[in-house]
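Peer 1: could you work out the structure for the sequence below:
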Amino acid sequence: MTLTWTASAAADSKHSAAFGYCIYRGAPGDPNPGLINTTPLRGTSCTDDLVANGGRYSYVVRAISAGGATSVTSNPAPVQIPLTGSSKSPISAASPPLCRGPAGN
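Peer 2: Okay, here's the model as predicted:
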């Protein structure tokens, strides 16, 4: 499952620049989705390789500053993984990084 989002707005007098992004996944309607990346992602896309066929998920993203301040949560993005076929997309050097960090983490 490849996720993409719009970059945070540029820094201004009230807000720090985004250092990276924190990705959260839960069930649709879950008020407390779990953080899936161990370090902030620097880009605006990632690959979630831990989804199941037929699974229903909801993702939200928060920007984080270099000082650790987080933004408000994005709007939820619901996802339904098909029952058939592989939920595991082939990951190549051209794929976005894993949402959870390097393989093996």
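Peer 1: for the most centrally placed residue in the chain, pull up the helix or strand it's in.
Peer 2: When C-alpha atoms, centre = their mean is applied to the chain, the residue found nearest the centroid is Ile23 (3.2 Å). Assigned by DSSP states H and E, Ile23 belongs to strand 20-26.
Peer 1: can you list the strands that the following helix or strand past that strand pairs with?
Peer 2: Using DSSP H and E, the helix or strand that follows strand 20-26 in sequence is strand 34-35. Strand 34-35 has the following strand partners under DSSP bridges: strand 20-26 (antiparallel).
Peer 1: circling back to that earlier point, bridged to the residue nearest to the centre of the chain, which residues?
Peer 2: Going by DSSP bridges, Ile23 forms beta bridges with Val61.
Peer 1: my read: it touches Pro33, true?
Peer 2: No - shown here, Ile23 and Pro33 do not form a contact pair, counting by C-beta atoms under 8 Å, at 9.2 Å. For every residue, glycine as well, the C-beta is placed using N, CA and C.
Peer 1: and for those two, which residues touch both?
Peer 2: 59-60 (C-beta atoms under 8 Å, 6 or more residues apart in numbering).
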